[in-house]
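In: With the sequence up front, the predicted model follows.
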Amino acid sequence: MLSWASRFRLRQRIRASLWVVPLLGLVLGSVLAQCAIAAEGATWVPTSWRYSAATASGVLAAIVGAMVGLLGFVVTIGVLVVQQATGTLSPRYMRLWYRDRLQKAVLATFTGTFAFAFSLLRSIEPHAVPDLGVTLAGLAVAVSLVLLLVYLNRFTHNLRPVAIADLVGRLGREVLCRAMTAARGPVPADGAPALPDGPVTPVRSELGGAIQAFDVAGLRATAVRYDCVLVLTHPVGDFVPPGTVLVEVHGGGPLPDPRRVTGRIALGAERTVEQDPAFALRVLVDIAIRALSPAVNDPTTAVQVLNHIEAFLHVVGGAELRHRHVLTGADGRPRLVVPGRTWEDYLQLAVTEIREYGASSLQICRRLRALLEGLLAALPAGRRPAVRAELTRLDASVDRAFPDPVRRATARTGDRQGIGGGHRPGAVPPA
């Protein structure tokens, strides 16, 4: 029986694959063709749906050739998307692009129509023509063309960096809300769980990889079953080498089979966004700093990405973040300790690299200041010291990059448009 981690990795591969759904379309097209052949001679089929053997053969052969050509066209578009995403956006975004359902639906429709038409073509005889199937094949071509137009329209608009930033930002906020709900649990006043006395048994990973997800419910149930507390030593997103301690088992009876624990922690070649909202923020920052590179030199794109980073930070700033989350069992006793990220972790990830790479850009300095000032005005008092520290670092970067007093004063003016939006004083609360 597959472990939870194996099932998770299998789901990831299926969601990221570009051949599973098209293969299902191929099989479905063949099955539907046999059904259409079996339905020949039905009285409800209109008499106008009649074709000669030569006409039917020509139509179906043309459909088969057209579907092969369209498949090649879509594959070519996919290659261009990969080149653009890795060259001007972020290679990390490709994990999200591979999951696009519309693309898989288009490929499945093309392969299904191909299999449907080819199966009918093989069944044509001089006195036996699948009239119903030929008509349905023509309708399938019409559906394929409509989907192709929708596909082209969508990717023409959605491949812009700002559209990708909006998509990734919304996904990150959704994942953050789910993660906060799953990790919600009581924490003692001192922030440390009351762990049982006795020896601590480490559970090590057999293989290395990036921690992609935890089976929170399964780990908690295991801890309840063996009357122990499981302490996870690494957060989602960390890369761990083989032999790393993944879990510390505190208290309890006989040590559970380590596979019962490690089988509920999914490791993979790279991070995923399922339980890792910081990965979405990582992708946003990658797009922004790629736009600030000398090869691209597009600070306006970085400013647009900062808009979505700011929206993400406002959601993070209002969430109940903890250095670690303690989940209890039905008896109210701590059973699972899951490491988390603090507000400082998210804020540092969001602004540090953009500040370093964009320190010489007036647009970036002004937009970053407006972002930080907006956070000061909107977030609770407990979040403000970290924001003020980032403002201090931004001031130091501006001082180093702009020795001229006039330009320095301009760079120290917050502007939500980078340049041209104007400064709105009075938004920053007193220290």
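Out: Thanks, I have the structure now.
In: any weak-confidence spans in this structure?
Out: 41-48, 182-194, 253-256, 422-431 (pLDDT under 70).
In: can you give me the strands for it?
Out: For the chain, the strands defined by DSSP state E occupy 200-204, 209-214, 229-232, 239-240, 245-250, 265-268, 324-328, 334-339.
In: how about those in TSV, adding mean neighbour count and distance to L121?
Out: Yep, even glycine has a C-beta here, placed from its N, CA and C like the rest. TSV is the format used below for the strands of the chain (neighbours: other C-beta atoms under 10 Å; distance: least, C-beta to C-beta, whole Å):
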stretch	mean neighbour count	distance to L121
strand 200-204	15	58
strand 209-214	22	45
strand 229-232	23	58
strand 239-240	17	52
strand 245-250	21	56
strand 265-268	23	43
strand 324-328	20	59
strand 334-339	23	57
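In: give me every residue that touches the residue lying closest to D345 once chain neighbours are set aside.
Out: Once flanking residues are discounted, D345 sits nearest to A278: 7.3 Å by C-beta to C-beta, 6 or more residues apart in numbering. Remark: with contacts taken as C-beta atoms under 8 Å, 6 or more residues apart in numbering, A278 is in contact with G237, R341, D345, Y346, L349.
In: now, which of these sits nearest G198?
Out: Nearest to G198 out of the contacts of A278 is R341 (C-beta to C-beta; 29.8 Å).
In: how much space between the nearest residue to that closest one once chain neighbours are set aside and H234?
Out: The shortest distance from R341 to any non-neighbouring residue, by C-beta to C-beta, 6+ apart, is to A278 (6.0 Å). Counting by C-beta to C-beta, to the nearest Å, the gap from A278 to H234 is 13 Å.
In: Could you do Q34 as well?
Out: With the distance defined as C-beta to C-beta, Q34 ends up 52 Å from H234.
In: higher neighbour count, the two?
Out: Taking neighbours as other C-beta atoms under 10 Å, Q34 and H234 compare with H234 leading, 17 against 14.
In: so that one touches G209, yeah?
Out: No - using C-beta atoms under 8 Å, H234 is not in contact with G209, being 11.3 Å away.
In: any residues in contact with both of the two?
Out: Common neighbours of H234 and G209, counting by C-beta under 8 Å, 6+ apart, are V240.
In: Could you turn the buried ones of the contacts of A278 into a PyMOL selection?
Out: Buried subset of the contacts of A278, written as a PyMOL selection, criterion 16 or more other C-beta atoms under 10 Å:
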select buried, resi 237+341+345+346+349
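In: can you give me the helices in the stretch 51-200 of the chain?
Out: 53-88, 94-97, 101-123, 131-158, 161-182 (DSSP state H, counting those that start in this stretch).
In: so how many other residues sit close to the closest residue to D415 other than its chain neighbours?
Out: In this structure, D415 finds its nearest non-sequential neighbour in R366, 3.9 Å apart by C-beta to C-beta, 6+ apart. R366: 25 surrounding residues under other C-beta under 10 Å.
In: Would you confirm that R366 contacts A411?
Out: Yes - when contacts are counted by C-beta under 8 Å, R366 is listed as touching A411 (6.5 Å).
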